[in-house]
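Q: sequence unavailable; structure follows:
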C-alpha cells in the first residue's frame, strides 16, 4: 500500500499507473475508515502485483479529496488507465470491493 500526499504523487501513482488502482480516501479520526483499514491491507495482499492500493489522508491532502469530489469518508475510488471507473462510500464489505476490482481486471 502506498500513501499519497501530493498532486504530483497522485498523478504518478494513480493516473499514470499501468494497472487498476484503488484509492482509499480516509482520516485517522474516522471510525468507519479505521474499520476499513484491515480490509485494505487484505486487498493489497490479495491483489499484489495486479492492482495498486493507494491511501490518501484527507486531512493531509485536502486538495486531492476536493478534486475527486470526496464528500464523506471513507470513499474508495477505482481508477483504470487514469479514469474513474467506480466508487464506493462507507465501510463496505471486502467482497464488494473485491468484486469491483475483479471487474476492473476483466474489463
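A: That came through, no problem. These figures come from a predicted structure and were not determined experimentally.
Q: name the residues of the top helix by length along the chain that come out as buried.
A: Under DSSP state H, the helix in the chain containing the largest number of residues is helix 31-46. Buried positions in helix 31-46, judged by neighbour count with 16 or more other CB atoms under 10 Å: 33, 36-37, 39-40, 43-44. In short, each C-beta sits where N, CA and C put it, glycine included.
Q: let's have the residues you listed in CSV, adding pLDDT and distance to residue 90.
A: Shown next, in CSV, are these (pLDDT from 0 to 100; distance: CB to CB, whole Å):
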residue, pLDDT, distance to residue 90
33, 95, 10
36, 94, 8
37, 94, 14
39, 95, 12
40, 95, 14
43, 96, 16
44, 95, 20
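Q: as CSV, those residues with distance to residue 107 would be great.
A: What follows is the buried residues of helix 31-46, written out as CSV (distance: CB to CB, whole Å):
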residue, distance to residue 107
33, 28
36, 24
37, 27
39, 22
40, 22
43, 18
44, 21
